[in-house]
Structures are given as structure tokens and as C-alpha cells.
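[1] Make a model of this:
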Amino acid sequence: MNILISHCFLGEPCRYDGCSRLDRQVIELHRAGHNLVPVCPEVLGGLDTPRAPAELQPDGRVINEDGEDVTEAYLAGARKALEIARENGCTLAVLKARSPSCGSGEIYDGTFTHTLVPGWGVTAKLLREEGILVMDEENLDSHLFESQV
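    This is a model prediction of the structure:
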């Protein structure tokens, strides 16, 4: 199975803070024979690494900590991630929890106070709307997952 993966899970330092989030469960998916297709929607959308933290606002805009509206970059990255998913036949995406791009089911509320609310990041929402199953690393149990695919 081809699985769209947040590139930071594979050790790529592409997060807003210039770090990665290497994830052993994701690596296990590769070892189990799945083809991992890495994307960082924020980088695909033209944002630099590192970059100011950003949060999705209740009105759908993405604003960074400096007050800059970066919505267009997030939308462009989401569209490119969807294109990559389609090109590779991905029906599942495992994306970074709580990210304004990748968050699935829970994101920060837009106030930069570390307050979580129900919601979907820009890319996760688009992928989901296009029929791709989206989950995050916190809900990924690789042993359970292996038996379901």
C-alpha cells in the first residue's frame, strides 16, 4: 500500500522549528512492506524552514505568530500534497498531529495559547474531502494497522 506520510516523520527537518519528528511506528510501516510517500505541505506551499509558527483561525485563514496571513501557502501546499497522493495511488495519509496543515481531528485554536479544539488542518481536510483516510501518529498502532491493510 502507498501511504502519504508527513516528511518530518522520516527525519526530514522541515517543521516550523527546523526540526523533524522521527516516528518509529511510521518507519515500521515501511518495514512491513508499505511504500511511504513523504510530503511537507508547508514546504510544498513555498514556506521556509524554519518559519514562524502558524495556527488555523476559526474563519479558515492561517495566520503566523507574526500576524502574517499565510493561507495561500497552506492551500497551495495542500493542493500539491493531494496531487502527489493521487499520482502515487495513496488511499491513506499519516500526518502530524495538531499541525495547521496536517492535524486530523484536533488543532490549535488560533490564539497561540496551546489551546486545542476539534478541527482539521488545511491539508488533512482536503485529503479527507477527496476520499483519502487521514490519521495522525498518535492514533497509529502499527500492529493493529498491519492487520487492517
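
[2] for the most centrally placed residue in the chain, helix, strand, or coil?
    The residue lying closest to the centre of the chain (CA atoms, centre = their mean) is C102, at 2.6 Å. What DSSP: H, G, I helix; E, B strand; the rest coil gives for C102 is coil.

[3] mind checking how far the closest residue to it other than its chain neighbours is from D69?
    Nearest residue to C102, sequence neighbours excluded (CB to CB, 6 or more residues apart in numbering): L95, at 3.4 Å. Where you see a C-beta, it was placed from the backbone N, CA and C, and this is true even at glycine. As judged by CB to CB, to the nearest Å, L95 and D69 stand 23 Å apart.

[4] Also H7?
    From H7 over to D69 (counting by CB to CB), the distance is 24 Å.

[5] circling back to that earlier point, the residue nearest to the centre of the chain and E68: what is the separation?
    Distance of C102 to E68, computed by CB to CB: 20 Å.

[6] List the residues that contact P41.
    For P41, the contact set (CB atoms under 8 Å, 6 or more residues apart in numbering) comprises Y74, G77, A78, K80, A81, S101, C102, V122, T123.

[7] so how far is F9 from it?
    To F9, P41 is 13 Å away according to CB to CB.

[8] To what extent is the closest residue to V39 other than its chain neighbours buried, counted in neighbours?
    Of all residues not flanking V39 in the chain, A81 sits nearest, at 4.6 Å (CB to CB, 6+ apart). When neighbours are counted by other CB atoms under 10 Å, A81 registers 30.

[9] For A81, give me its contacts.
    L4, V39, P41, L44, T123, L126, L127.

[10] Could you check how many residues crowd around the first one?
    In terms of burial, L4 registers 25 neighbours under the definition other CB under 10 Å.

[11] Confirm that it sits in a helix.
    No: per three-state DSSP, L4 lies outside any helix segment and is strand.
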